[in-house]
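> this is a predicted model, with the sequence first.
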Amino acid sequence: MRASLVAASFIFACSAPRAVDPLPFEPASPTSTPEPSKRGPFPVGVRTLTFEDTGRRKLDGTPRVLVTEVWYPAEQASRGGPGTTYDVLPIFTAEQQAAIGNATPLLETDAVRDAPVATTHGPFPLIMFSHGQAAVRWQSTYLTVLLASHGYVVASPDHEGGTLYDVVRGQLAGVTDGVDNRPLDIRYIVNRLSRLPANDPLAGMADTDNLGVAGHSFGALTAMRVAVFDDRVKAIVPQAPVASDIAYVGHSNPPALPVMLQGAKLDRTLPYDENTVLSWEAMKRPRWLLTLETGGHFSFSDLCQFDLASVADKVKLDIPGADVKKVLQDGCGGVAPPASVALPMINHFTVAFFNAQLRGSTASLELLTQAKADGFGGAGVAAVRAEP
């Protein structure tokens, strides 16, 4: 009899659900509208996953490799743990590092490496982030980490052939390669996240049917292009995009899904009128447009913190068809709004938009207003256009 009771107790203990990890406040939902520019209720964990797409092989016969940073909601016990830092220096060769010296700061985040996943609150909507040409997967942690704190799994791959690593090694691929491969990168990673092995801590945590895509520059083009042929995409946030006519090559018109387009009027890399405006005119409702009146191309990233223009000058970086130093100063300093103004504003509009579209917080749409933009830097810093 005693053995039976012990066995029954063991079975009950193993089958009992885990206690829900209490949150400090409710994440976005049909009944909750948290402040989007501030940290959400979850501490954030981060993992680096490496995927090999054996269905796409390079000229040397090896599979396409996708090193992917994944930020995710973590258990409350992770709060205050050691944050993950990102260092641009190891990207460069030893000789280049010597020329650069100690001029590059660390990019510090509060995402805790390999923190336990907040499984009792999942699954979570998935947001894919696509970096710009010649950039890196962690170029916009100001946004990706914040999104994870609000209850999203956020995945950002290095698009092989289009990264800063490739620039340093003289292997940067052309635009056509990116147009073809980047959307396939996004789809491949979404599919892989949907079938992680059962023993993976993130298994089942990314709701791949409730998918958002954001991206900067070439990554913005990627977001628009993925939305054309993947109906799992429910909303997109293209930042400083390439003109949309490239995104819709092979398709008659853009999809009718919610879009939060973001651009900068003083963008010298992808001029506003020729790219953001034309993309806006092609898009269907519901649509929102956030314009930084004196911002530039890199106002939408963390890269201004690294003074890459100075780094590029020291190591003689070359990007075919581009004045590297001029490009890397686009939106960094001068008349551009400082990061302390621009980034919280961008976060406000991006997180509120995704909270409405992916987490059902329809009241968050009421936060996408000119008055809210003015609250970050005063009148004249940004313009908001809303056509819900």
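Perfect, I can see it now.
> what segments of the stretch 101-250 of the chain are helices?
Taking DSSP state H, counting those that start in this stretch, the helices of the stretch 101-250 of the chain run over residues 141-149, 164-168, 175-194, 218-229, 244-247.
> outside of the last one, which residues touch it?
When contacts are defined by C-beta atoms under 8 Å, 6 or more residues apart in numbering, helix 244-247 is touched by residues 179, 221, 224-225, 228, 241, 254, 278-279, 282-283. (C-beta placed from N, C-alpha, C; glycine too.)
> chain center to it, what's the gap?
When C-alpha coordinates are averaged (C-alpha atoms, centre = their mean, to the nearest Å), helix 244-247 and its chain have centres 20 Å apart.
> next structured bit after it?
Remark: after helix 244-247, the chain's next helix or strand is strand 259-264, criterion DSSP states H and E.
> max-length strand in this structure?
As assigned by DSSP state E, the longest strand anywhere in the chain is strand 44-57.
> for the helix or strand following it, buried residues please.
Counting by DSSP H and E, the next helix or strand C-terminal to strand 44-57 is strand 63-73. Neighbour counts using 16 or more other C-beta atoms under 10 Å place 64, 66-73 of strand 63-73 among the buried residues.
> quick one: those as JSON lines, columns for distance to residue 271 too.
Formatted as JSON lines, those follow (distance: C-beta to C-beta, whole Å):
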{"residue": "64", "distance to residue 271": "32"}
{"residue": "66", "distance to residue 271": "31"}
{"residue": "67", "distance to residue 271": "32"}
{"residue": "68", "distance to residue 271": "31"}
{"residue": "69", "distance to residue 271": "30"}
{"residue": "70", "distance to residue 271": "34"}
{"residue": "71", "distance to residue 271": "32"}
{"residue": "72", "distance to residue 271": "37"}
{"residue": "73", "distance to residue 271": "38"}
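> let's check: the centremost residue of this structure is which one?
Among the residues of the chain, residue 129 comes closest to the average C-alpha position under C-alpha atoms, centre = their mean, at 3.2 Å.
> in the sheet, who's paired with that residue?
Residues in a beta bridge with residue 129, per DSSP bridges, are residue 214.
> need the contact list for it.
Contact analysis of residue 129 by C-beta under 8 Å, 6+ apart lists 137, 140, 143-144, 154-156, 213-215, 219.
> what's the answer for residue 215, then?
Contact partners of residue 215, counting by C-beta under 8 Å, 6+ apart, are 129-132, 221-223, 237-239.
> so which of these wins on neighbours?
Among those, residue 222 has the most neighbours (other C-beta atoms under 10 Å), with 34 neighbours.
> dump the buried residues of strand 63-73 into JSON lines; add pLDDT and distance to residue 161 as well.
Compiled in JSON lines, the buried residues of strand 63-73 are given as follows (pLDDT from 0 to 100; distance: C-beta to C-beta, whole Å):
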{"residue": "64", "pLDDT": "97", "distance to residue 161": "9"}
{"residue": "66", "pLDDT": "98", "distance to residue 161": "11"}
{"residue": "67", "pLDDT": "98", "distance to residue 161": "13"}
{"residue": "68", "pLDDT": "98", "distance to residue 161": "15"}
{"residue": "69", "pLDDT": "98", "distance to residue 161": "18"}
{"residue": "70", "pLDDT": "99", "distance to residue 161": "21"}
{"residue": "71", "pLDDT": "99", "distance to residue 161": "24"}
{"residue": "72", "pLDDT": "99", "distance to residue 161": "27"}
{"residue": "73", "pLDDT": "98", "distance to residue 161": "32"}
